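> sequence first, predicted model second:
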Amino acid sequence: MHHFAYQAGRLACEGVDLARIADAVGTPCYVYSTATLQRHARVIAEAFQGQDCLIAFSVKANSNLAVLATLAAEGCGADVVSGGELKRAQIAGIPASKIVFSGVGKTADEMELGILQGIHQFNVESAAELRLLSKVAARCKSQAPIAIRVNPDVAAGGHPNISTGKKGDKFGVPWAEAEALYAEAASLPGIRVVGVDVHIGSQIGDLVPMRAAFEKVVGLIQRLRAAGHDITRIDVGGGLGIPYKEGDAPPPPSDYAAMIAEVSAGLGVQVILEPGRVIAGNAGILLTTALYEKEAPDRTFLIVDAGMNDLMRPALYGAHHDLLPLTEPAPDAAQKTYDVVGPICESTDKFASGREMPAIASGDRLAFMSAGAYGAVLSSAYNTRPLVPEVLVNGDRFDIVRRRPDLDEMLQLEQVPDWLNRTD
Ligand code: LLP
């Protein structure tokens, strides 16, 4: 469910006509819906009511400060993977006690930051990381609370580029080595073992692989407890899929929560969730303007002003994003089949192939739907295109929550070295 819909023939976000935003801010531009973010956070919280649960929004999905502040007000914590994300989460009002720090490549500086801030948990991904964390924590005269991220060797399904829980993926500690690493962790100074962590992938449309992974982890928790470890938390990661197009029917959060309650029944652990996409994905869109139509012998290209640098998902994963005109097409509007492409000098700068949709005229504005997760965060300034602005809607109000940098500002970050500054 989201709050983008046609109202009197015009696509609106909550109470705001999206054309107004396009006029005021220009395109391309991301637009997020407060009501949708709140709704998704609440649906998850309600699904887990009665379970001891921390909803740590996965900041990598959408790290805009205003989005994070919206979720902080809903009581969400954060799952971060860098010192930068940690700082954002705290600035947005998320207390360190609700922040978990994931990622395979934490630096000593990032560890120190997390320790000094007093975060809830480090999710450790290797023996080498564990040993460094021990040294850093001991130096800080502190105890770092840790879970070890285990690799359960379970295929999540979905796109291989976003599967993380199979043997051979770089994520987590190999299943067979987990118990030995817990034994080492218990012996290290500066380390306090608190939990077990797992995350098998993203955009998962089926609870079966998740259940298989969590059941394995519950078995591991029982063995670890028998070996004397005080395991009080299970971190089940993120990964729940969302509908991107008609007919997609991912499992509802209530089924997901019921499955977790069943699998972890009787364990008496805090459940940590790291949802990203399921909260932010359908809460955002990317506005774009049609520039040109171009006929090729076998197809028609629709060239829009957004590029793969603004929304990478189609180029990276062949991902589908619905594309809706801001003006609602008449029911009998002429249909046309397009390859929808951007202005970037790459053949992968393609949003859709053979997409049947209402005929579009140059200057028409459109919205790429379901772009609120892994949209703006993955964008770049490739082809010296300034990062696109982000707008947050709340009821009938909207505000720019990241402005478009101007070109001079971008270029000021660079300098030509002295030896190239010719004076002759
Ligand atoms: N926790 C960990 C350790 C993760 O690696 C991820 C996502 C999440 C939580 C959040 O997963 P979610 O609930 O959003 O599925 N760029 C790709 C997705 C990459 C996901 C990376 N890790 C895409 O656009 O589909």
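Received it, and whenever you're ready, just let me know what you need.

> residues near the nearest residue to Leu86 once chain neighbours are set aside, how many?
Among residues not flanking Leu86 along the chain, Val80 sits closest, at 4.7 Å (C-beta to C-beta, 6 or more residues apart in numbering). C-beta: built from backbone N, CA, C; applies to glycine. A count of neighbours around Val80, defined by other C-beta atoms under 10 Å, yields 29.

> do Val196 as well
Other residues close to Val196 by other C-beta under 10 Å number 24.

> my read is that it contacts Asn151, right?
No - taking C-beta atoms under 8 Å as the definition, Val196 is not a contact partner of Asn151, at 11.8 Å.

> follow-up on the earlier one: could you check how far the residue nearest to Leu86 is from the ligand?
10 Å (C-beta to the nearest ligand atom, to the nearest Å).

> what of Val193?
For Val193, the distance to the ligand - C-beta to the nearest ligand atom - is 19 Å.

> what sits up against the helix or strand where that residue lies?
In this structure, Val193 sits in strand 191-197 according to DSSP states H and E. If you take C-beta atoms under 8 Å, 6 or more residues apart in numbering as the criterion, strand 191-197 is touched by 102, 121, 123, 130, 133-134, 137, 143-150, 182, 185-186, 217, 220-221, 224, 229-235, 237, 269-270, 272.

> list only buried entries from these.
102, 121, 123, 130, 133-134, 137, 144-150, 182, 185, 217, 220-221, 224, 229, 231-235, 237, 269-270, 272 (16 or more other C-beta atoms under 10 Å).

> and what about the closest residue to Ala66 other than its chain neighbours, helix, strand or coil?
Distances taken as C-beta to C-beta, 6+ apart place Val401 nearest to Ala66, at 3.8 Å, with adjacent residues excluded. Using DSSP: H, G, I helix; E, B strand; the rest coil, the structure places Val401 in strand.

> so Val401 makes contact with Ala376?
No - checked against C-beta under 8 Å, the pair Val401 and Ala376 is beyond contact range at 10.0 Å.

> got any residues that touch both of the two?
Taking C-beta under 8 Å, 6+ apart as the contact rule, Val401 and Ala376 both touch Asn64, Glu390.

> which of the two has more residues huddled nearby?
The neighbour comparison of Val401 against Ala376 (other C-beta under 10 Å) goes to Ala376, with 25 against 18.

> contacting residues for the nearest residue to the more buried one once chain neighbours are set aside?
Distances taken as C-beta to C-beta, 6+ apart place Tyr30 nearest to Ala376, at 4.9 Å, with adjacent residues excluded. Neighbouring residues of Tyr30 by C-beta under 8 Å, 6+ apart: Gly284, Ile285, Leu286, Leu287, Ala371, Gly372, Gly375, Ala376, Val388, Pro389, Glu390, Val391.

> show me what from this protein comes close to the ligand.
58, 60-61, 79, 102, 162, 199, 202-203, 237-240, 274-278, 313, 317, 373-374 (C-beta under 6 Å from any ligand atom).

> if we use 5 Å, what do you get?
For the chain, the residues in contact with the ligand (C-beta under 5 Å from any ligand atom) are 58, 61, 102, 162, 199, 202, 237-239, 274-277, 313, 374.

> in strands, which of these fall?
By the criterion of DSSP state E, membership of the residues of the chain next to the ligand in strands covers Ser58.

> min pLDDT across the residues of the chain next to the ligand, which one?
Ranked by pLDDT, the residues of the chain next to the ligand bottom out at Ile162, which has 65.

> where does pLDDT dip in the chain?
157-160, 162-163, 423-424 (pLDDT under 70).

> so where do the helices sit in it?
For the chain, the helices defined by DSSP state H occupy 18-25, 34-47, 65-73, 83-91, 108-117, 127-139, 178-187, 207-226, 253-263, 277-280, 313-317, 407-411.

> got the CA coordinates for the fourth one in PDB?
Presented in PDB, the C-alpha positions along helix 83-91 are these (Å, rounded to 0.1, in the frame of the first residue of the first chain):
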ATOM      1  CA  GLY A  83      30.500   5.600  10.000                       C
ATOM      2  CA  GLY A  84      28.700   7.900   7.600                       C
ATOM      3  CA  GLU A  85      25.400   6.000   8.000                       C
ATOM      4  CA  LEU A  86      25.900   5.900  11.700                       C
ATOM      5  CA  LYS A  87      26.300   9.600  11.900                       C
ATOM      6  CA  ARG A  88      23.200  10.200   9.700                       C
ATOM      7  CA  ALA A  89      21.100   7.900  11.900                       C
ATOM      8  CA  GLN A  90      22.100   9.800  15.000                       C
ATOM      9  CA  ILE A  91      21.600  13.200  13.500                       C
END
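
> now it: buried residues?
Neighbour-count burial for helix 83-91 flags Gly83, Glu85, Leu86, Arg88, Ala89, Gln90 (criterion: 16+ other C-beta under 10 Å).

> before we move on, what about the first one?
Of the residues in helix 18-25, those scored as buried under the neighbour-count criterion (16+ other C-beta under 10 Å) are Leu18, Ile21, Ala22, Val25.

> just those now: which is nearest the ligand?
Closest approach between the buried residues of helix 18-25 and the ligand, by C-beta to the nearest ligand atom: Leu18, at 22.6 Å.

> and that closest one, what does it touch?
Leu18 neighbours (C-beta under 8 Å, 6+ apart): Phe4, Arg10, Leu11, Ala12, Val31, Ile285, Leu287, Leu326, Arg365, Ala367.

> is it true that the fourth one touches Ala19?
In other words, Ala12. No - the criterion here is C-beta under 8 Å, and Ala12 misses it with Ala19 at 9.0 Å.

> about what we covered before: against Ala176, how distant is the residue nearest to Ala66?
As judged by C-beta to C-beta, to the nearest Å, Val401 and Ala176 stand 46 Å apart.

> Leu387 now?
43 Å.

> tell me which of these two has more neighbours.
Leu387 (16 against 10).

> returning to that earlier point: of all the contacts of Tyr30, which two lie farthest apart?
Farthest-apart pair in these is Gly372 and Pro389; separation 14.6 Å (C-beta to C-beta).

> compare those two (neighbour count), which wins?
Of the pair Gly372 and Pro389, Gly372 is the one with more neighbours under other C-beta under 10 Å, namely 30 against 21.

> in the stretch 101-250 of the chain, what residue comes closest to the ligand?
For the stretch 101-250 of the chain, C-beta to the nearest ligand atom, closest residue to the ligand: Gly238, 2.5 Å.

> ok, now which ones touch the residue nearest to that residue when sequence neighbours are not counted?
Closest residue to Gly238 apart from its sequence neighbours, by C-beta to C-beta, 6+ apart: Glu274 at 4.2 Å. Glu274 makes contact with Ala56, Phe57, Ser58, Asp79, Val100, Ser102, His199, Asp235, Val236, Gly237, Gly238 under the criterion C-beta under 8 Å, 6+ apart.
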